[in-house]
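Engineer: Coordinates only, no sequence provided:
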Ligand code: C2E
Ligand code: CA
Ligand code: CA
Ligand code: CA
């Protein structure tokens with residue numbers, strides 16, 4: 001087969017190219033089409049105040065209802081979307097759909113707390129992010145203070161000068177800024193202190209073995225203490241057991257999310273959760 005790559009040039013993929021490459025090309029074509037055909041869906045995972053059990057926010061997590069392959073998880077397609085640049089169009093759809101949904105819930109009298117949207121590296125570095133956010137907030141009518149962006153530690157540290165500028169614009173709009181996968185990258189404490197960050201998210205990899213790995217427990221404890229001294233909120237992700245919850249509470253962690261409370265829910269089930277039909 002051949003693939004038009006612009007102008008008069010064609011890129012050929014030959015039979016000796018491996019099946020994997022072929023799969024990736026198919027997937028790339030599928031993603032582009034799927035955005036147009038509305039095959040993506042957003043699932044919402046509750047974030048709770050660990051002491052009161054009160055809902056404080058929801059994280060938007062994308063899923064792909066693939067016509068042949070069924071429900072795909074983000075790790076099956078986000079990395080490729082990032083690599084090819086398709087993430088910009090997909091990320092735009094995710095942001096708009098999440099903000100519209102959150103506003104709809106507010107209008108229906110529910111309180112979803114903050115809507116937390118993952119922003120990929122390419123999307124964060126794309127010059128249109130701030131104007132996309134302005135446009136989305138205007139279109140949806142969502143209160144900017146209800147929006148929180150989750151950006152990984154490594155993306156934040158990639159180009160700190162640019163991060164400063166983007167963060168300043170977002171802070172002006174009162175949008176929350178969470179450092180995702182905290183502890184997995186190499187943050188400079190000096191920058192962390194100077195960025196207008198509102199939350200650290202302790203990565204699930206540290207929570208998983210927290211009850212029997214003293215190194216993981218020490219890292220979680222340190223992040224919680226750091227957050228406290230910098231006056232930043234902290235949330236633990238991937239809480240699956242009561243023992244993990246107890247340990248985090250003992251360390252002074254106030255917020256959490258994970259399968260112990262709820263898996264990510266489709267919009268309909270999230271709405272039932274909001275209506276109080278789910279107990280946690
Ligand atoms: P993440 O941002 O670290 O999201 C947390 C992941 O952990 C989610 O996986 C969530 O379903 C899962 N999780 C939550 N609680 C538990 C638990 O108790 N146990 C276990 N084992 N897992 C738990 P998911 O939805 O498969 O997403 C994976 C990653 O894909 C996310 O990691 C994020 O990096 C990326 N992603 C997901 N949705 C989006 C999106 O809309 N945009 C972008 N750019 N990336 C996304
Ligand atoms: Ca996240
Ligand atoms: Ca994580
Ligand atoms: Ca992540």
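Structural biologist: Noted; the coordinates are in hand. Source: prediction; values computed, not measured. Ligands and ions are numbered 1, 2, ... in the order given.
Engineer: how much space between the residue of the stretch 51-200 of the chain found nearest ligand 3 and residue 156?
Structural biologist: Nearest residue of the stretch 51-200 of the chain to ligand 3, counting by C-beta to the ion: residue 181, 4.4 Å away. From N, CA and C alone the C-beta is placed, and that goes for glycine too. In this view, residue 181 and residue 156 are 10 Å apart by C-beta to C-beta, to the nearest Å.
Engineer: So if I had to pick from these two, which one is more boxed in?
Structural biologist: The residue with more neighbours, out of residue 181 and residue 156, is residue 156; 24 against 19, by other C-beta atoms under 10 Å.
Engineer: Report the distance from the helix or strand harbouring residue 273 to the chain centre.
Structural biologist: Using DSSP states H and E, residue 273 sits within helix 267-274. Put simply, helix 267-274 sits 19 Å off its chain's centre (C-alpha atoms, centre = their mean, to the nearest Å).
Engineer: And stretch 20-35, by the same measure?
Structural biologist: 22 Å.
Engineer: ok, residues contacting that stretch?
Structural biologist: Residues outside stretch 20-35 that contact it (C-beta atoms under 8 Å, 6 or more residues apart in numbering) are 3, 13, 40, 64, 66, 77, 80-81, 84, 86, 89-90, 93.
Engineer: and that stretch, which residues are buried?
Structural biologist: Residues 27, 28, 30, 31, 34, 35 are the ones in stretch 20-35 that count as buried (16 or more other C-beta atoms under 10 Å).
Engineer: Next step: those restricted to helices.
Structural biologist: 27, 28, 30, 31, 34, 35 (DSSP state H).
Engineer: could I get those as CSV with pLDDT?
Structural biologist: Below are those laid out as CSV (pLDDT from 0 to 100):
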residue, pLDDT
27, 80
28, 81
30, 83
31, 84
34, 90
35, 85
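Engineer: Return the closest of the residues you listed with respect to residue 137.
Structural biologist: Nearest to residue 137 out of those is residue 35 (C-beta to C-beta; 21.2 Å).
Engineer: Do a quick rundown of the helices in the stretch 151-280 of the chain.
Structural biologist: Counting by DSSP state H, counting those that start in this stretch, the stretch 151-280 of the chain has helices at residues 153-158, 160-172, 189-194, 204-207, 214-230, 242-250, 267-274.
Engineer: need these in CSV with mean pLDDT, can you?
Structural biologist: Below are the helices of the stretch 151-280 of the chain laid out as CSV (pLDDT from 0 to 100):
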stretch, mean pLDDT
helix 153-158, 92
helix 160-172, 96
helix 189-194, 85
helix 204-207, 97
helix 214-230, 95
helix 242-250, 98
helix 267-274, 97
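Engineer: Among these, show me which one is buried the most.
Structural biologist: Neighbour counts (mean count of other C-beta atoms under 10 Å) averaged over each of those peak at helix 204-207, with a mean of 20.
Engineer: Quick one: check that one for contact with ligand 2.
Structural biologist: No: using C-beta under 5 Å from the ion, helix 204-207 stays clear of ligand 2, with a minimum separation of 9.7 Å.
Engineer: Check for me that residue 21 belongs to a strand.
Structural biologist: No: per DSSP: H, G, I helix; E, B strand; the rest coil, residue 21 lies outside any strand segment and is helix.
Engineer: low-scoring stretches of this protein, by residue?
Structural biologist: 1-17, 277-280 (pLDDT under 70).
Engineer: residues of the lengthiest helix in it that come out buried?
Structural biologist: Taking DSSP H as the criterion, the chain has its longest helix at helix 87-107. Residues of helix 87-107 classed as buried by neighbour count (16+ other C-beta under 10 Å): 87-88, 90-99, 101-106.
Engineer: which element follows that helix toward the C-terminus?
Structural biologist: Sequence-wise, the next helix or strand beyond helix 87-107 is strand 114-118, with elements assigned using DSSP H and E.
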